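*Asks:* I'd like to go over a predicted model; first the sequence, then the structure.
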Amino acid sequence: FGAGPYGSLFLADLGAEVIKVENREQGGDATRGMGPFLGEHDSHFFQAFNYNKKSVCLNLKTDAGRAAFRRLAASAQVVMNNLRGDQPEKLGLTYAALADANPRLVCAHLSAYGRDNERKGWPGYDYLMQAEAGFLHVTGEPGSPPARMGLSIVDYMTGITTTVAILAALLGVARDGKGRDVDVCLFD
C-alpha cells in the first residue's frame, strides 16, 4: 500500500522506467479511490506515490495476463512486488518462475513477514508493525498511552531498504550475470 510504491518511486526518480501493474477487475490501485481527487480514477494520494511511473492493467490470475507479464519481464531488469509473502510464488513472480524468460532478472519481494516462515501468508501494514516492533511504546508523551509515529515510518524505511536491496542485486547481476530473488519485509 505504501512501502512498494514509495520504494519504486525512488527508482523512477533515479531514471528507471517503472511500469506499475494494476488489476482493473479489482479497481486498480486502491489509492486511486482516496481523496482528494484529481479526476476519475485519480487522486492526490495516487499521484504522490506514482509520478514518473507508467501503468498497465493486467490480471495475473489469467493466462493472458500472465503471458503479457512474462513478455514485460523478458526485457526488464527488475520485477518488484508488494504482496503477502505467499503470493509471489502463486502468481509466478519469483526468479525460479521467470528465469527462463530472463536469466538476469532481479525479483524483489516486499511483504509483511517474508516468504519463508509460518507468517508468510499474513497481511501487514505500517501501524501494525509499529505496534509489534515496540515503536508505539517509545513514541508520544511520558505517561500517555502508546502512540503511532505521525508518518508511516515503517512503510517508508522498508520502501527505501527495498530500493537499496534492488540496487545491490543489480550490482551482483552486473558482476556475475545471474539474476536472483531479494526479500525485504516490514517486520524486519
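*Replies:* Received it, and whenever you're ready, just let me know what you need.
*Asks:* Touching the least confident helix or strand in the chain by mean pLDDT from outside, list them.
*Replies:* Comparing helices and strands within the chain by mean pLDDT, DSSP states H and E singles out strand 37-39 as the least confident, with a mean of 90. Contacts of strand 37-39 from elsewhere in the structure, counted by C-beta atoms under 8 Å, 6 or more residues apart in numbering, are 43-44, 47. (C-beta placed from N, C-alpha, C; glycine too.)
*Asks:* who's in contact with A131?
*Replies:* By C-beta under 8 Å, 6+ apart, A131 lies in contact with P146.
*Asks:* which element is the nearest residue to E22 once chain neighbours are set aside on?
*Replies:* Using C-beta to C-beta, 6 or more residues apart in numbering and skipping the chain neighbours, the partner closest in space to E22 is G28 (4.1 Å). For G28, there is no host helix or strand (DSSP states H and E).
*Asks:* sorry, back to before: include neighbour count, pLDDT and secondary structure when you put the contacts of strand 37-39 into TSV, please.
*Replies:* Output for the contacts of strand 37-39, formatted as TSV (neighbours: other C-beta atoms under 10 Å; pLDDT from 0 to 100; DSSP: H, G, I helix; E, B strand; the rest coil):
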residue	neighbour count	pLDDT	secondary structure
S43	17	94	strand
H44	12	93	helix
Q47	13	94	helix
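*Asks:* Run me through the strand neighbours of the least confident helix or strand of the chain, direction for each.
*Replies:* Sheet pairing for strand 37-39, assigned by DSSP bridges, gives strand 42-43 (antiparallel).
*Asks:* and A67, how many neighbours does it have?
*Replies:* Neighbouring residues of A67 were enumerated by other C-beta atoms under 10 Å; the total is 10.
*Asks:* give me every residue that touches the nearest residue to P36 once chain neighbours are set aside.
*Replies:* For P36, ignoring the flanking residues on the chain, the nearest one in space by C-beta to C-beta, 6+ apart is H44 at 4.9 Å. For H44, the set of contacting residues under the criterion of C-beta under 8 Å, 6+ apart consists of 35-38.
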